[in-house]
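Visitor: got a sequence here, can you build the structure:
(chains A, B and C)
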Amino acid sequence: MARFLGYTLESSITTAKEYMSTGIHEPNGSPSSSIAHQLLSGLNAAQMEAVQQMDGPLLIVAGPGSGKTRVIVHRIAYLVRVMGVNPYRICAVTFTNKAAKEMKERLVRLLGTRSEHLAAGTFHALCAQILRREGQAIGLSSDFVIYDTDDQQSLIKQAFEAEEVDPKRMPTGGVHNAISGAKSQLITPEGYASRAVSQYEQMVGRIYKRYQQLLERSQAVDFDDLLLKTYILFREHPEVLEKWQNRFQYLMVDEFQDTNVAQYGLARMLAAQHNNICVVGDPDQAIYSWRHADVRNILSFQRDFPAAKVVRLEMNYRSTPYVLKAAQAVIVANQGRIEKDLIPSKSGGEPLVITEAYNEEEEAQWVVREVDRLKRDDGYKFSDCAVLYRVNAQSRAFEEACLRYGIPYRLVGATRFYQRKEVKDILCYLRLATNPQDEVSLARVINVPPRGIGQKTVDDLIRWARSLGTSTVEALQRIETDQAAPVGKGAARSALMKFAQLLKDLTESAAKLPVLEVVDLAMQRTGYKEFLLRQETGGEERWDNLQELRGIASEFAEPPSPEGLTAFLERIALVSDTDNLDEAKDGVTLITLHQAKGLEFRAVFLVGLEEGLLPHIRSMDDPHQLEEERRLCYVGMTRAQERLYLVRAFSRHIMGGSSASLPSRFLRDIPPNLWTPPEGMQKTTLTEPRPSRRAAVVETIAGKEIANKPMLNPGDHVKHGKFGMGVVVSCLPSGSDFEVTVAFKENGVKKLLYSLAPLARV
DNA sequence: GCCGTGTTATTTTTT
DNA sequence: ATAACACGGC
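Guide: Below is the predicted model of the structure:
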């Protein structure tokens, strides 16, 4: 089974009986009291209380850096080792699959391999597994496909068409959001329609209903359906619910502040039998309301479980007092929050550094240089440093700066790997191979690479399929035998038949070959490689992406298809890019604020602190959204262990042109005694609209003097520490530095920055 | 049916 | 700035 999912529900099920009969016994025979002691040692009073509170409902309010993960892990260990609970009877729900994986790894270290029987994963992964096993009860095939955002979007467009609604009158994005929101609150199409008031809502109701029909036709579920359908399954089949209630004697939900109504509903259902439900959260870190998370779940929990014990973890083990005070100063401005303290356990530390750059290039350059300085002067590793930003688009300037300065970086999830065109195309072929009903995948690849099946032919084919009452793929297969099929003629007809054969072969091999071979077959038979390489730009890179996909596919050698293929597709649907962050590589982490939740770094650079960016312009007209922006800022700041830099740029390129911006209001909330400007700069008031532009050319860079003219001229012979001998091609001013292009004898042409590159004229 | 050109909207954050 | 999209010529 797919172990790397960090989630082994399936394997737990198959081995449960055998496992349960072995019972629990201590390997070294030590009495459980000493184990209890061991598991509690090093915990503070509140943490101990949280670990030992086993039975009944429990709410843990855990501030950032309060050792929350440690408490969860120790609590599970305590349940297993001291209370003798079988790990198989414990369910731990996490926010990401990565968190689940890490939790399991820590538990394996603490408890040994039997902790692998613990069910740990996201709500979505948990529900997907339940639905694969039990979904037939509500008419769901076990081969159902999970549609991602793009698939959903195209299905919504189809629903618009079917309902004859002009997408220009109602943007699909808004409708999508409304449907997703309804599902997250457990509202079915019927329920939605019945309470629709405005004309808009009535229209959404119609599209929602149609959209749901289209999903069912394709044997597909979207992300929200995973939750909603599991909820419906439990509600309509109490015997199924009972089975899972019995299984999960103890339930824990992490990041509870970012759960939605559907998730909370599921948790409540699952816990109804034993009532042992422990939720962990921090209302100040609720940052996913746009995904329909509802922080009020914390209040609902206290209402639904009035006997719930509440434990607060306020001691902070992560950050210096400077960082904590500054973060606190930002968050207290929110209205109606539950007062919560952050008590530093560390002392000393450095004041924050707040600075301003002229534009995003200078911002990135300043940050990258400071990272380099931290490494040189203060013994930091690159991987101790992270750049946190509001929107993915900001990563570009930092990537470029890192490349120029030769600083390694780890970029988290900018363009999602699985959403890349070429990757998605191949995945759609695989999806069709397991589920020929998948209309969205079919529509996507029927003429990719171009094989002579045009729009007209596709329309005719779909119309014919509808009239036959079959799936499009089935109609396609029927053309060969049905000479009278009113679809395509001449070249188009033979192209259709060839494509039908391709799908048939693919389906056949999917039933027996390992995933990797199915991937290879799909690429071969479609001529995908040639298709890519004949593109003018980016073909090679895209081909590389497919090689990477092959690498992932090869991990799914066991079990053989079709289970392996299903597991492969499911992992791709549910596992985020953060989950694959390469821990081994030493590099600066470039990451969005949202993705940074739960992470920590010795040095954090929170960038783009400008009105319109953080807080984001789209949040500025709604006080609730504005409060969420503030929490986002708070989350970012509290990622820092030792050093926190807050950076803003005066001017930023936005949609072509460049525009000026004001310093973020959050900066103004930080008391002046907590921060300093960078060395050699004036402490400004942070209210000035425009920074005093620094001298364009710094006098000295990294010990080398820089006059206002290039130090190197084209034609000069140079020697580089790593690349060897070369000839200067050009030397151009760049920011406060020079960009030197050198043609190396052995290593080709490189662009280097004068201040950092170990270059010497010879 | 394919491909090139010009037009247009699009940008928040992600399981 | 970039990419998806529509249109028209081949």
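Visitor: shouldn't residue A:542 be in contact with residue A:421?
Guide: Yes. At 7.5 Å, residue A:542 counts as touching residue A:421 under the criterion of C-beta atoms under 8 Å. (Glycine included, C-beta is placed from N, CA and C.)
Visitor: mean confidence for the helix or strand harbouring residue A:369?
Guide: Element membership for residue A:369, per DSSP states H and E: helix A:360-378. Helix A:360-378 carries an average pLDDT of 93.
Visitor: quick one: buried residues of that helix?
Guide: A:360-372, A:374-375 (16 or more other C-beta atoms under 10 Å).
Visitor: can you give me the strands in the stretch 401-550 of chain A?
Guide: In the stretch 401-550 of chain A, the strands defined using DSSP state E, counting those that start in this stretch lie at A:409-411.
Visitor: count of neighbours near residue A:217?
Guide: Neighbours of residue A:217 under the rule other C-beta atoms under 10 Å: 14.
Visitor: and it, what does it touch?
Guide: A:437, A:439, A:471 (C-beta atoms under 8 Å, 6 or more residues apart in numbering).
Visitor: of those residues, which is the most crowded?
Guide: The most crowded member of these, judged by other C-beta under 10 Å, is residue A:439 (23 neighbours).
Visitor: pLDDT at that residue, what is it?
Guide: pLDDT, residue A:439: 89.
Visitor: residue A:578 too?
Guide: We have a pLDDT of 58 for residue A:578.
Visitor: same deal with residue A:254?
Guide: Note for residue A:254: predicted pLDDT of 96.
Visitor: I'd say it and residue A:92 touch.
Guide: Yes. At 7.1 Å, residue A:254 counts as touching residue A:92 under the criterion of C-beta under 8 Å.
Visitor: give the intersection of the neighbour lists for the two.
Guide: residue A:72.
Visitor: tell me the phi and psi of residue A:272?
Guide: In terms of degrees, to the nearest 10, the main-chain angles of residue A:272 are phi -60, psi -30.
Visitor: let me see the contact set for it.
Guide: Per C-beta under 8 Å, 6+ apart, neighbours of residue A:272: residue A:245.
Visitor: return the helix holding residue A:369 as PDB; C-alpha atoms alone will do.
Guide: The C-alpha coordinates for helix A:360-378 follow below in PDB (Å, rounded to 0.1, in the frame of the first residue of the first chain):
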ATOM      1  CA  GLU A 360      10.800  44.300  -5.800                       C
ATOM      2  CA  GLU A 361      14.100  43.700  -7.400                       C
ATOM      3  CA  GLU A 362      15.900  45.700  -4.800                       C
ATOM      4  CA  GLU A 363      13.800  44.000  -2.100                       C
ATOM      5  CA  ALA A 364      14.900  40.600  -3.300                       C
ATOM      6  CA  GLN A 365      18.500  41.700  -3.700                       C
ATOM      7  CA  TRP A 366      18.600  43.100  -0.200                       C
ATOM      8  CA  VAL A 367      17.100  39.900   1.300                       C
ATOM      9  CA  VAL A 368      19.400  37.600  -0.600                       C
ATOM     10  CA  ARG A 369      22.400  39.500   0.400                       C
ATOM     11  CA  GLU A 370      21.300  39.500   4.000                       C
ATOM     12  CA  VAL A 371      20.900  35.700   3.800                       C
ATOM     13  CA  ASP A 372      24.400  35.500   2.400                       C
ATOM     14  CA  ARG A 373      25.600  37.700   5.300                       C
ATOM     15  CA  LEU A 374      23.900  35.600   7.900                       C
ATOM     16  CA  LYS A 375      25.600  32.500   6.500                       C
ATOM     17  CA  ARG A 376      29.000  34.100   6.400                       C
ATOM     18  CA  ASP A 377      29.000  36.100   9.600                       C
ATOM     19  CA  ASP A 378      26.500  34.300  11.900                       C
END
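Visitor: can you show me the helices along the stretch 351-500 of chain A?
Guide: Applying DSSP state H, counting those that start in this stretch to the stretch 351-500 of chain A gives helices spanning A:360-378, A:395-405, A:421-434, A:439-445, A:455-468, A:472-478, A:491-510.
Visitor: same check, this time on the stretch 201-350 of chain A
Guide: Using DSSP H, counting those that start in this stretch, helices in the stretch 201-350 of chain A cover A:223-236, A:238-247, A:261-271, A:297-304, A:321-331.
Visitor: for the nearest residue to residue A:331 once chain neighbours are set aside, what is the enclosing helix or strand?
Guide: Closest residue in space to residue A:331, ignoring its immediate chain neighbours: residue A:634 at 4.4 Å, by C-beta to C-beta, 6 or more residues apart in numbering. If you go by DSSP H and E, residue A:634 is part of helix A:623-637.
Visitor: what about the helix or strand just after that helix, distance to the chain center?
Guide: For helix A:623-637, the succeeding helix or strand toward the C-terminus, using DSSP H and E, is strand A:640-653. Distance of strand A:640-653 from the chain centroid (C-alpha atoms, centre = their mean, to the nearest Å) equals 23 Å.
Visitor: assess the claim that residue A:333 and residue A:634 are in contact.
Guide: No. Residue A:333 is beyond contact range of residue A:634, at 10.0 Å (criterion: C-beta under 8 Å).
Visitor: in the stretch 1-150 of chain A, what residue is nearest DNA strand B?
Guide: With C-beta to the nearest atom of the strand, the shortest gap between the stretch 1-150 of chain A and DNA strand B falls at residue A:122, namely 3.6 Å.
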